[in-house]
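Colleague: Predicted coordinates and the sequence they were generated for:
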Amino acid sequence: MELKTMKTRTGTSSFTHSRGLQLAALALGSSLILAGCAGNPPTEQYAVTQSAVNDAVSAGGTEFAAVEMKSAQDKLKQAEIAMHDKKYDQARMLAEQAEWDARVAERKAQAMKAEQSVKDAQKGVQELRQESQRTVQ
């Protein structure tokens, strides 16, 4: 008696093929999503940064934090150029850095103004003490 083996086709090869297609579709979809994110101009971040720079200027940043203000304004200008050149990732990064530089400038200006107010108040107190000592004598 002779035993013949029969070759049968299993479902594993079609499963492997469909699995490969799913992975390829997933990779393609992910890359399209990432490309879509990179392709959007950072207009919201740019507006936030512009507002932060304006706030810093209003707080006296140009007078009390000149280095930080110059850095913020320079980076904002570079971000604008990068946006014009459609280098959106670079524009977003520069805009974020400019925002933080502007916030540092604003806080530094506020601190310097507060320090000046304290000095003025101390000077006023000292003058009042001197005046009260003159009237007592």
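Modeller: Nice, thanks for sending it over. Numbering: from 1, shown residues only.
Colleague: Geometrically speaking, which residue is the centre of this protein?
Modeller: Closest to where the C-alpha atoms of the chain average out (Cα atoms, centre = their mean) is residue 96, at 2.6 Å.
Colleague: so what's the closest residue to that residue other than its chain neighbours scoring on pLDDT?
Modeller: Closest residue to residue 96 apart from its sequence neighbours, by Cβ to Cβ, 6 or more residues apart in numbering: residue 45 at 6.4 Å. No exception for glycine: its C-beta is placed from N, CA and C like everyone else's. The model reports residue 45 with a pLDDT of 95.
Colleague: Now do the buried residues in the helix or strand where residue 45 lies.
Modeller: Assigned by DSSP states H and E, residue 45 falls within helix 43-58. Neighbour-count burial for helix 43-58, counted by 16 or more other Cβ atoms under 10 Å, picks out 45-46, 48-50, 52-53, 56-57.
Colleague: Any chance of those in TSV with distance to residue 77 as columns?
Modeller: Converted to TSV, the buried residues of helix 43-58 look like this (distance: Cβ to Cβ, whole Å):
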residue	distance to residue 77
45	15
46	11
48	16
49	11
50	11
52	14
53	10
56	15
57	14
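Colleague: Quick check: the two most widely separated of those residues?
Modeller: Greatest spacing in the buried residues of helix 43-58, by Cβ to Cβ: 45 and 57 (18.8 Å).
Colleague: Surely the residue nearest to residue 96 is in contact with residue 89?
Modeller: No - using Cβ atoms under 8 Å, residue 45 is not in contact with residue 89, being 11.3 Å away.
Colleague: where's residue 115, which helix or strand?
Modeller: Assigned by DSSP H and E, residue 115 belongs to helix 88-136.
Colleague: helices and strands around that helix, which ones?
Modeller: helix 43-58, helix 61-64, helix 66-84 (3 or more Cβ pairs under 8 Å, 6 or more residues apart in numbering; DSSP states H and E).
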